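Q: structure, please.
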Amino acid sequence: MAPLSRCNAFLGRIFLVGSVFFLMQVFLATQCDAGASAYVLLEELEDELDKGGAVVEVGSDRGEGSTAFLSSLANRTGREFFSVDFSNEGRQNAEQACGSCAHQGMGEVWLENEFPKLSTAGTIALAYLDNYDWTYPWTKGMQYKQQQHVDYNAKGLELLNQRSQEVHLLQAVQVERFCTERCFVLFDDTWPSAGMNRYSGKGGAALAFLLANGFEPVQQSPPDTLSHLGWVLVRRLPAGERPPRVEPEEIRGARAAASAEVKPVLLRIASPAEGGSAEGPQLSVEALVQGAVEGEHTLVVHSEGVEVMRVSQWEGWEQVCMADGSSWREGSGDCDSTGRRVTVMINDVRPGTKHMMLQVVDGLHHEAASAQVSFEVV
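A: Predicted coordinates:
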């Protein structure tokens, strides 16, 4: 996770207006990929942790406090704690937080080779997997992200989102190997799809593996939560309720097949018009979406390059008739082709040139459609 001190936050109000529902969401847009610091939720699970199993953190903190928090939790419950990070900086931070708990190495390698040697318990009751940084679109040009690329390259690593998912999958395989009867695994920078049955972000592939091998979601961020604030907590089912084992290779194959089946979706921004103007301080953006499936697709709204909203419910939006594939008319009667009109309203928008991008993504967060618009707010 990126240090919270690197986040420059601003506050605005965002409204969704439809024929069936009205939703107000307070939006905190950060200029980093800091995640939701979901580890603080683990305090509520203190009494539910299996006896004896260790607490393991892969990805020592960079100032947000997870290592000290988990160390304190382990001490209170009388169990071992290990914090593992591939970098010198991460190991040094962990040493300051918990001393001998700090270890350096790639998490998946350390779990496979070192954990069995170092752990007296030999099992894991709680794992917090929050490493191998995820790159959000609006962070690519930031100085700290560019430095991350340098740091990763120095270790012979590529800072790629696909690689982040693969590494977390390898770690989940090892955690499952040492898991206690009802262990917990928490992922940050991970979010559920519209149907709540697929996940993206760091833990996307890892969760596919764990859910196929006898884990179930305990808590998770709602599907409309901004992706960089997403998190998922899963717990292992009792032995008698677990399905037959599924190997990681099968998970990879199923995800690859799903990726190849991305269905086309039509997305068009109707207003403001490209190069046009719109009145502030309340800005209304209307879009037509055709082909989006409830439980499968999510609309992601970006303003000035930053994700500001996720919309996963489609049935509540007004159905409109597609006139010629690029425009619509009111109502949907006597019409062979219909879509849904989505209206996003943003308050407190300052005058000046604005740029917005809308995306429709599928359950694996692959883009099914996108549209952009630049305009003047007056």
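
Q: Gln372 - how many residues pack around it?
A: Look at Gln372: counted by other Cβ atoms under 10 Å, it has 12 neighbours. C-betas here are computed from N, CA, C, even on glycine.

Q: correct me, but it touches Met356?
A: Yes. Using Cβ atoms under 8 Å, Gln372 is in contact with Met356, at 6.9 Å.

Q: residues that sit against both of those two, list them.
A: Listed as contacting both Gln372 and Met356 by Cβ atoms under 8 Å, 6 or more residues apart in numbering are Ile269.

Q: those helices in the stretch 151-300 of the chain, which residues are they?
A: Ranges of helices within the stretch 151-300 of the chain are 161-178, 204-212, 248-259, based on DSSP state H, counting those that start in this stretch.

Q: most neighbours per residue, which of the ones you listed?
A: Mean neighbour count (mean count of other Cβ atoms under 10 Å) peaks for helix 204-212 among those, with a mean of 24.

Q: report all helices and strands that that one contacts.
A: Applying 3 or more Cβ pairs under 8 Å, 6 or more residues apart in numbering; DSSP states H and E, we find helix 204-212 packed against helix 161-178, strand 179-188, strand 231-236, helix 248-259.

Q: Met142 is nearest to which of these?
A: Evaluated over the helices and strands packed on helix 204-212, closeness to Met142 peaks at helix 161-178, with 15.7 Å, by Cβ to Cβ.

Q: mind listing residues that contact the closest one?
A: Contact with helix 161-178 is made by 56, 58, 106-108, 111-112, 115-116, 119, 122-124, 127, 129, 131-135, 157, 183, 185, 187, 202-210, 213, 215, 236, 248, 251-252, as judged by Cβ under 8 Å, 6+ apart.

Q: could you redo the last one with a cut-off of 7 Å?
A: 58, 107-108, 111-112, 115, 122-124, 127, 129, 132-135, 185, 202-206, 209-210, 213, 248 (Cβ atoms under 7 Å, 6 or more residues apart in numbering).

Q: what's around Gly53, how many residues?
A: 25.

Q: okay, the helices of the stretch 151-300 of the chain in CSV with mean pLDDT and distance to Gln219 next?
A: Below are the helices of the stretch 151-300 of the chain laid out as CSV (pLDDT from 0 to 100; distance: least, Cβ to Cβ, whole Å):
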stretch, mean pLDDT, distance to Gln219
helix 161-178, 95, 18
helix 204-212, 94, 13
helix 248-259, 76, 23
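
Q: export those as CSV, with columns for distance to Gln147.
A: Below are these laid out as CSV (distance: least, Cβ to Cβ, whole Å):
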stretch, distance to Gln147
helix 161-178, 17
helix 204-212, 25
helix 248-259, 31
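
Q: and the strands in the stretch 51-200 of the chain, which stretches?
A: Applying DSSP state E, counting those that start in this stretch to the stretch 51-200 of the chain gives strands spanning 54-58, 81-85, 102-104, 124-129, 179-188, 190-192, 199-201.

Q: in its sheet, what does the longest one sit against?
A: With DSSP bridges as the criterion, the sheet partners recorded for strand 179-188 are strand 124-129 (parallel), strand 231-236 (antiparallel).

Q: let's see it as PDB, backbone CA atoms only.
A: Extracted in PDB, the C-alpha atoms of strand 179-188 (Å, rounded to 0.1, in the frame of the first residue of the first chain):
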ATOM      1  CA  CYS A 179      -4.400 -22.800   7.100                       C
ATOM      2  CA  THR A 180      -6.000 -23.700  10.400                       C
ATOM      3  CA  GLU A 181      -9.500 -25.300  10.300                       C
ATOM      4  CA  ARG A 182     -11.300 -22.000  10.000                       C
ATOM      5  CA  CYS A 183      -8.600 -19.500   9.100                       C
ATOM      6  CA  PHE A 184      -9.200 -16.000   7.700                       C
ATOM      7  CA  VAL A 185      -7.600 -14.300   4.700                       C
ATOM      8  CA  LEU A 186      -7.900 -10.600   4.100                       C
ATOM      9  CA  PHE A 187      -7.100  -8.800   0.800                       C
ATOM     10  CA  ASP A 188      -6.900  -5.000   0.300                       C
END
